[in-house]
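Participant: Need a 3D model of the sequence below.
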Amino acid sequence: VVILSLLMYPVLRSLALQLHSAVTGSYISGTHSIAFINCLNEQIAKDIARAIMDKKLAACVNILPKSSALYFWKGELEESTEILLLVKTRTSKIGELSNYVRSIHPFEIPEIISLPIDQGNPLYLKWVEESVPQD
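Facilitator: You can find the predicted model right below:
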């Protein structure tokens, strides 16, 4: 019984949080994430952003202006300008988003990282949830 309880804890905790959220209307921390994706130029950024939106993998993609980047690539220090995409989505979609972007991104190893959203405007987070279909 103890072992079964320990094994079931994550599932039961998740269900309890979802029930609490449904009853109280509160946000479950980490349900949504922001993904950061760097692109070589504005046209590539727009193309990737539109492709993400067309696949309904995000509620919103912001395209931020050029930034300078310094990084090591194949043992050499490189410097470039890049365009940053901020992708607001469900945390459950990050894997699918990452796989899709890697399949269309021109970089050999594109930067695709994400951070869970801890808190935020409840109405905005509900809109994100409604805009991105669940698995």
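
Participant: Give me the pLDDT for Leu15.
Facilitator: We note a pLDDT of 70 for Leu15 in this prediction.

Participant: Can you name the next helix or strand after the helix or strand containing it?
Facilitator: Assessed by DSSP states H and E, Leu15 sits inside helix 2-24. Downstream of helix 2-24, the next assigned helix or strand under DSSP H and E is strand 32-39.

Participant: between the next helix or strand after that following strand and strand 32-39, how big is the angle?
Facilitator: Next in sequence after strand 32-39, counting helices and strands by DSSP H and E, comes helix 42-54. With axes from the mean of the first three to the mean of the last three Cα atoms, to 10 degrees applied, the angle from helix 42-54 to strand 32-39 works out at 150 degrees.

Participant: quick one: buried residues of helix 42-54?
Facilitator: 44-45, 48-49, 51-52 (16 or more other Cβ atoms under 10 Å). (Each C-beta comes from the backbone N, C-alpha and C, glycine too.)

Participant: So the residue nearest the centre of the chain versus Ala58, what's the distance?
Facilitator: Geometric centre of the chain, nearest residue: Ala35, 3.6 Å, by Cα atoms, centre = their mean. As for Ala35, its distance to Ala58 is 8 Å (criterion: Cβ to Cβ, to the nearest Å).
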